[in-house]
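Novice: dropping the sequence and predicted coords here.
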Amino acid sequence: MFTRLRLFVLTIVSLVCVYPFIGNATTLKITSKERVEYQNQIRHFLHETYYTTLCLAITEQDLHKDVVEDLMAEDAVRYQPEFYLDSKRGRRLSPSQYLGALQVEPVKEQSVKEATTDGNLSEYAFDELLLINENNTLSRFSSNCHILFWIVMSLVLVTIVFYLYKNITIVPIAKNDSMSMADAIELYGKGKYKKAVMIFTQFATDGDTTAQYILGGCYEKGLGVSQDYNEAVKWFRKSAEQGYAFAQCDLGNCYYNGLGVSQDYNEAVKWYRKSAEQGDAFAQCNLGICYYNGLGVSQDYNEAVKWYRKSAEQGYASAQCNLGGCYYNGLGVSQDYNEAVKWFRKSAEQGDASAQCNLGGCYYNGLGVSQDYNEAVKWFRKSAEQGDASAQCNLGNCYYDGLGVSQDYNETVKWYRKSAEQGNALAQFNLIVIIKVLVSLKTTMKQ
């Protein structure tokens, strides 16, 4: 990918390479044979095409200068694809018609008065032609060089445009009456992220807090733009500083996880609190987690329960599971399995894998509910199929002991292995045990 420095260097180098050919005469060595050929061409051209005109010029004595200047604009021959002899009449000369000729030997100069129209026109050498060159060279100005220059410049411009298109992710477009935040949100919902981002960028630049928040989310997830946590933080901050609760929560997440900024639990708590105090359920749960684990604040289970409850009562599944855990373990509240099951169930029914595992554990052990291995297996399975390592291990236990399901060592090994591969130590130990058991049974059967 080009950097701005590389692009600048490429442009300069291109100009430097082409510059020597522009507007400067290229000295071309001419052989004697070529010189004679040029001489013959110009003689033929003058004699056949402009004989009458030259006769008039010689007769009138003063007209030949204009004729010569039309043919040879300068002392150096201009070699161009086409040459306008008379722009008013549009008379054109082909390259072969106006090539200059060099004499092998200097010719005797004759005045116009001494010239006659009956002689060979090549014998006359007017002062204005200056066809004799001391170095026997012919200088040409080539329009091909100009064409080359513009081709190179076009390539450079194309390169610049390509670079800008690939690297400038957003080019804000001017707002018009037909463009609104509703349009952007609709495009976003349809998965047309690039178009949506263009509109969000314009509104975000103008200070719209919602647009700033959504644009930050696009950068965070890489939707319509390249994933860039720094840009995400930039836009979350702009929105958060204007008091937008969602942005405050997500900015807190960035500080909590160290995305786009250095990890800082104190800053995370600061922004979680601002959002939580506005009633954002996600921020309330996250603030409760900080209090529960003592991150950015002193560990305080009572405060953790306070914020978990605020969030759980708004229906946030993670907070409901965490609140159930506090009741289950008696942290910040009196231990109460019934309350634990209540909150575990609310969360589990929303699909929270941890809550499903915990609810299965309550059924397995008969805590807060009547012991029921079938229900235990049901919730363990729901959680295990979502990849929860603890639930996979617990489901393996059920198959090993034949509780809630028929005993099945193959299924036991299957679920222990899934859990063990995620690093669950108990599952790793159980897997070793079951393999030894199977080997022992196999040996016994052979005997």
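Specialist: Noted; the coordinates are in hand.
Novice: give me the below-cutoff pLDDT ranges for the protein.
Specialist: Residue ranges of the chain with pLDDT under 70: 1-150, 152, 156, 160-178, 445-447.
Novice: what element comes up after the strand or helix carrying residue 159 heading to the C-terminus?
Specialist: Assigning secondary structure by DSSP states H and E places residue 159 in helix 143-167. Past helix 143-167, further along toward the C-terminus, the next helix or strand under DSSP H and E is helix 181-189.
Novice: what does that next one contact?
Specialist: With C-beta atoms under 8 Å, 6 or more residues apart in numbering as the contact definition, helix 181-189 has outside contacts at 193, 195-196, 199-200, 203, 208, 210-211, 214, 223. Every residue, glycine included, has its C-beta placed from N, CA and C.
Novice: buried stuff in that helix?
Specialist: Judged by neighbour count (16 or more other C-beta atoms under 10 Å), helix 181-189 contains these buried residues: 184-185, 187-188.
Novice: and for stretch 294-301?
Specialist: Within stretch 294-301, the residues that count as buried by 16+ other C-beta under 10 Å are 296-297, 301.
Novice: what about the residues you listed, which are in helices?
Specialist: Cross-referencing the buried residues of stretch 294-301 with the helices (criterion: DSSP state H) gives residue 301 as the overlap.
Novice: out of the buried residues of stretch 294-301, the closest to residue 274 would be?
Specialist: Nearest to residue 274 out of the buried residues of stretch 294-301 is residue 296 (C-beta to C-beta; 13.3 Å).
Novice: which ones are touching the closest one?
Specialist: By C-beta under 8 Å, 6+ apart, the contact list for residue 296 reads 264-270, 290.
Novice: one more: residue 343?
Specialist: 312, 320-321, 323-324, 327, 355.
Novice: make a PyMOL selection of the buried ones in those.
Specialist: The following PyMOL selection, which keeps only the buried ones among the contacts of residue 343, applies the criterion 16+ other C-beta under 10 Å:
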select buried, resi 312+320+321+323+324+327+355
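Novice: which single one of the contacts of residue 343 is nearest to residue 415?
Specialist: Proximity of the contacts of residue 343 to residue 415 was ranked by C-beta to C-beta; the top entry is residue 355 with 19.3 Å.
Novice: which SSE is that closest one in?
Specialist: Assigned by DSSP H and E, residue 355 belongs to helix 353-365.
Novice: show me what secondary structure element comes after that helix.
Specialist: As assigned by DSSP H and E, the chain's next helix or strand after helix 353-365 is helix 373-384.
Novice: one step back: could you dump the buried residues of stretch 294-301 into TSV and include distance to residue 342?
Specialist: Output for the buried residues of stretch 294-301, formatted as TSV (distance: C-beta to C-beta, whole Å):
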residue	distance to residue 342
296	30
297	28
301	19
